[in-house]
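Peer 1: Pasting the sequence and the predicted coordinates here, then a few questions.
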Amino acid sequence: MAAVTPSFADRLLNWFDRHGRKDLPWQQDINPYRVWVSEIMLQQTQVNTVIPYYLAFMKSFPTAQRLARAPIDQVLHHWAGLGYYARARNLHKAAQFVVDELGGEFPDTVEEMEKLPGVGKSTAGAIISIAFKKRAPILDGNVKRVLARHRAIAGWPGEAATLKALWEASEATTPKKRPAAYSQAIMDLGATLCTRSKPDCDHCPVAEDCIAKAEGTQANFPGKKPKKALPVKAVQMLIIEAPGQQILLEQRPAQGIWGGLWSLPEVAIEESAEDAALQRFGVESKSKTMPVLRHTFSHYHLDIHPIHLKLASVPAQIMEGDQRLWYNSPSTPEVGLAAPVQKLLKQLIKK
DNA sequence: AAATCGGGGGA
DNA sequence: TCCCCAGATTT
């Protein structure tokens, strides 16, 4: 008789029994309160970071009653350094809810557990399965990665359709037996073997039928968050040109973009360029709008609206100084130009 | 420097 | 329903 490959869940459980972590603080003296606190702490924070915080927290607040009665400041004090401080506020509120409204008994269904502030579907599933030993699928970041790879579920989990497919996969793979061990097993697999980069497929109990492994596309799952379109800012730049193709430049402040480089005078997009030229430089000239030049930074696009003002003579009132010079004048020093300014000047001066 | 992480809250 | 946010860690 041909050997039959055990189910996904059985292979995970078997692996967890032999290699999984079973000595973590919240895996001892298991009760709903201890599991709940651990799951909240683990939401955005890794195991090794959480351990000392968890131990100190449990020492100060060993029960939901003790937590509920503690001042919020004391709770926040225990959270300092963990980040996402709303978690601590929600934890405190939820403890008060459990103590004051539920007689100190934690809900024992996913639906009821989700009513606690700070507890969503995945955290509820983790608490129900681990503390109450009832079957409940979970979908934290580790589980998303394991399932997305194993079943080659494409797309970024932030998209509703991808998230739905992942929940369906979690629902489909979660067994009835040993709910607590299974939840910990699949999270542990994601945390220790099926890691974001360099997954250790050689030791993975479910590598045999992992689609991403077969195709060598582990790095493609889960799909990445699409880079959001960069915000677009716009600015006018004055090209004040005097005879001899001399162009007025200003030095930028040392801080900020193009710090210390030389650039064209800027005018806010909503202002009149001609008015600004008159007010700031005392020059009066009809302006000519040039095509918009888009310059892209790491964090935004800058649409530069060049405004060309041609002067009949070099105005006496514009003096060169520390932060002002006529580019192309006989004495132009070697200066660093902002990249788009260099481009603009090149266009202008060659013709 | 960029990506990541689960849930809350506002558009 | 979609989008943004919180904050520290990892890559």
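Peer 2: Nice, I can see it. Please read all numbers here as calculations on a predicted model, not as lab measurements.
Peer 1: how many other residues sit next to residue A:4?
Peer 2: The local packing of residue A:4 (other Cβ atoms under 10 Å) involves 6 other residues. Every residue, glycine included, has its C-beta placed from N, CA and C.
Peer 1: And residue A:253, by the same measure?
Peer 2: Neighbours around residue A:253, by other Cβ under 10 Å: 11.
Peer 1: and if you look at the one 10 residues further on?
Peer 2: Residues lying near residue A:263 (other Cβ under 10 Å) number 21.
Peer 1: And for the one 4 residues further on?
Peer 2: For residue A:267, the neighbour count with other Cβ under 10 Å is 21.
Peer 1: what's the answer for residue A:282, then?
Peer 2: With other Cβ under 10 Å as criterion, residue A:282 counts 11.
Peer 1: One more: residue A:220?
Peer 2: Neighbour number of residue A:220 under other Cβ under 10 Å is 14.
Peer 1: ok, now residue A:249?
Peer 2: 26.
Peer 1: bridging residues for it?
Peer 2: residue A:325 (DSSP bridges).
Peer 1: For the stretch 101-250 of chain A, which segments are assigned as strands?
Peer 2: A:232-242, A:246-251 (DSSP state E, counting those that start in this stretch).
Peer 1: okay, the last one in CSV with CA atoms only?
Peer 2: I take that to be strand A:246-251. These are the backbone C-alpha positions of strand A:246-251, laid out as CSV (Å, rounded to 0.1, in the frame of the first residue of the first chain):
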residue,chain,number,x,y,z
GLN,A,246,22.6,85.9,-17.2
ILE,A,247,20.1,84.2,-14.8
LEU,A,248,19.5,85.1,-11.2
LEU,A,249,20.1,82.3,-8.7
GLU,A,250,19.7,82.1,-5.0
GLN,A,251,21.4,79.8,-2.6
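Peer 1: pLDDT-wise, which helix or strand of chain A ranks last?
Peer 2: Within chain A, confidence by mean pLDDT, DSSP states H and E is lowest for strand A:293-296 among all helices and strands, at a mean of 82.
Peer 1: returning to what we had before: which among the strands of the stretch 101-250 of chain A is found nearest to DNA strand B?
Peer 2: strand A:232-242 (16.3 Å; Cβ to the nearest atom of the strand).
Peer 1: Convert that closest one to PDB, retaining C-alpha atoms only.
Peer 2: What follows is strand A:232-242, C-alpha atoms only, in PDB (Å, rounded to 0.1, in the frame of the first residue of the first chain):
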ATOM      1  CA  VAL A 232       2.500  65.900  -5.800                       C
ATOM      2  CA  LYS A 233       3.700  69.300  -4.800                       C
ATOM      3  CA  ALA A 234       4.000  72.300  -7.100                       C
ATOM      4  CA  VAL A 235       6.100  75.400  -7.100                       C
ATOM      5  CA  GLN A 236       6.900  78.200  -9.500                       C
ATOM      6  CA  MET A 237      10.500  79.000 -10.300                       C
ATOM      7  CA  LEU A 238      11.500  82.400 -11.600                       C
ATOM      8  CA  ILE A 239      13.900  82.500 -14.500                       C
ATOM      9  CA  ILE A 240      15.000  86.100 -14.400                       C
ATOM     10  CA  GLU A 241      17.100  86.600 -17.400                       C
ATOM     11  CA  ALA A 242      19.300  89.600 -18.100                       C
END
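Peer 1: Against which helices or strands is it packed?
Peer 2: strand A:246-251, strand A:266-268, helix A:273-281, strand A:301-310, helix A:339-350 (3 or more Cβ pairs under 8 Å, 6 or more residues apart in numbering; DSSP states H and E).
Peer 1: quick one: strands adjacent to the second one?
Peer 2: The sheet places strand A:266-268 alongside strand A:232-242 (antiparallel), with pairing taken from DSSP bridges.
Peer 1: Show me which residues of the stretch 51-200 of chain A sit near DNA strand B.
Peer 2: For the stretch 51-200 of chain A, the contact set with DNA strand B under Cβ under 7 Å from any atom of the strand comprises A:84, A:86, A:90, A:117-124, A:140-142, A:144-145, A:157, A:196.
Peer 1: Out of those, which end up buried?
Peer 2: By neighbour count, with 16 or more other Cβ atoms under 10 Å, those hold A:90, A:118-119, A:121-124, A:140-142, A:144-145, A:157 as buried.
Peer 1: Widest-spaced pair of these?
Peer 2: The most widely separated members of those are A:90 and A:145, with 25.5 Å between them, by Cβ to Cβ.
Peer 1: Narrow the residues of the stretch 51-200 of chain A next to DNA strand B to those in helices?
Peer 2: A:86, A:90, A:121, A:122, A:123, A:124, A:141, A:142, A:144, A:145 (DSSP state H).
Peer 1: so who does the first one touch?
Peer 2: I take that to be residue A:86. residue A:118 (Cβ atoms under 8 Å, 6 or more residues apart in numbering).
Peer 1: Neighbours of residue A:48, how many?
Peer 2: Residue A:48 has 7 nearby residues by other Cβ under 10 Å.
Peer 1: Helix, strand or coil: sort out it for me.
Peer 2: For residue A:48, the assignment made with DSSP: H, G, I helix; E, B strand; the rest coil gives helix.
Peer 1: what does the one 3 residues further on give?
Peer 2: Going by three-state DSSP, the secondary structure assigned to residue A:51 is helix.
Peer 1: What residues does it make contact with?
Peer 2: A:24, A:25.
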